[in-house]
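*Asks:* whatever this is, show me its structure:
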Amino acid sequence: MKKIILLLISILLIGCASTINTEDNKLTNGIIFIDGGEGGVYQPFLNRNYIVYVDNEIILYNINSGEKKQITYDMSGQIYPKIIDNQIYWVDSRNNRNLGSQNTPTEVWVYDIDNETEEKTDLNIDEYLKEHLGSCDKNGKCPRRLCYEESCVEIRKFSWTDPNITDKEEMGSLGNIESEGIFVNGNLITKLKGIEEKDIFIWKNKILWADNRNGVKNFDIFMYDIDTKTETQITNTQEASELDPAVYENLVVFSKCYKEEVSLSGVKSKCEVVLLNINTDKEQIIFNMAGNNIQIEENKIVWEGWRRPSNSYRDSIIFLYII
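*Replies:* Next comes the predicted model:
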């Protein structure tokens, strides 16, 4: 079955003369197939030489050896894994089974990679989930809060009368009108200019996000430097939207989707995963379909793609690209 899935992937990589070495799961264009079961795999998290993800259970992939290890063996539902140092954390619902309905996650568990042991933690599940689901407002928007070391960043609404906004002169007189801004550790650092902002990401002093200030259906990527307090527009493509950015040093990776074209067979949208060097402004297309949950660290890029253009988690596949 895996060889059939790999063959389908090679056909779908439009524009790339991709063939597959089924011995090591490598595509000739440099992409490595990590996993993609019948029910889909999702929520990859990259940390150094490991990728942890969900395939019904929590799975750990060793990039150096190519080995996969199943971490959990409880079908109650484990989601949103991440790695901190040599420990894997995830949300678990094994102690809250609801017969006849979907289990509700209630706990955060941890697995020690070195000792091969797991246990329940005392971490607050609501705080943990903010990094994945965000805090939803009355309009149903759920901005995520992401952390890098001691800095936690989020996009949320505020007004001029908010007591937490100290620099009112710089932010302008908003009265009681709500605006949206980027907050680091609860402090407003910049007011956003788009109609909608999403896909926020932080690495060291760099904050990236996508917004549509240049057109309702046209999202571009922007970067804010916490140290210099300057904002930079990273992409400016009128015919496409760039989303889901991630950054490491001078490299930014994101998903680019061109404006929809209506054909006799229905609506089509061409998407790509793109790597951009912000020092040289050089772009490289590394994948010819949409990508989600994109991450970059050192010379590794990981993302969640699809077996076919459905964007359904049941068709999702996890890919790795070595720069």
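*Asks:* for N96, helix, strand, or coil?
*Replies:* Put simply, N96 is coil when judged by DSSP: H, G, I helix; E, B strand; the rest coil.
*Asks:* heads up, I number from 55, so please use that
*Replies:* Shifting the count to begin at 55 puts that one at N150.
*Asks:* quick check, pLDDT for the closest residue to S233 other than its chain neighbours.
*Replies:* With Cβ to Cβ, 6 or more residues apart in numbering as the criterion, S233 has its nearest non-adjacent residue at 5.8 Å, and that residue is K245. All C-beta spots, glycine's among them, are computed from the backbone N, C-alpha and C. Listed pLDDT for K245 reads 76.
*Asks:* ok, K245 to R210 distance?
*Replies:* 12 Å (Cβ to Cβ, to the nearest Å).
*Asks:* joint contacts of those two?
*Replies:* Counting by Cβ atoms under 8 Å, 6 or more residues apart in numbering, the residues touching both K245 and R210 are 234-235.
*Asks:* could I get the average pLDDT for stretch 203-218?
*Replies:* Regarding stretch 203-218, the rounded mean pLDDT is 71.
*Asks:* tell me how many other residues crowd the closest residue to N140 other than its chain neighbours.
*Replies:* Counting by Cβ to Cβ, 6+ apart, I167 is the residue found nearest to N140 once chain neighbours are left out, at 4.5 Å. By other Cβ atoms under 10 Å, the residues close to I167 number 17.
*Asks:* against N259, how distant is I167?
*Replies:* Going from I167 to N259 by Cβ to Cβ gives 29 Å.
*Asks:* who are the neighbours in contact with Y165?
*Replies:* Contacts of Y165 by Cβ under 8 Å, 6+ apart are 112, 125-126, 141-142, 171-172.
*Asks:* top of these by number of neighbours, please.
*Replies:* Ranked by the number of neighbours (other Cβ under 10 Å), those place I112 first, at 26 neighbours.
*Asks:* my guess is it contacts K122. True?
*Replies:* No: I112 is not in contact with K122 according to Cβ atoms under 8 Å; the separation is 11.2 Å.
*Asks:* thinking again about what came up before, which of the contacts of Y165 fall within strands?
*Replies:* 112, 141-142, 171-172 (DSSP state E).
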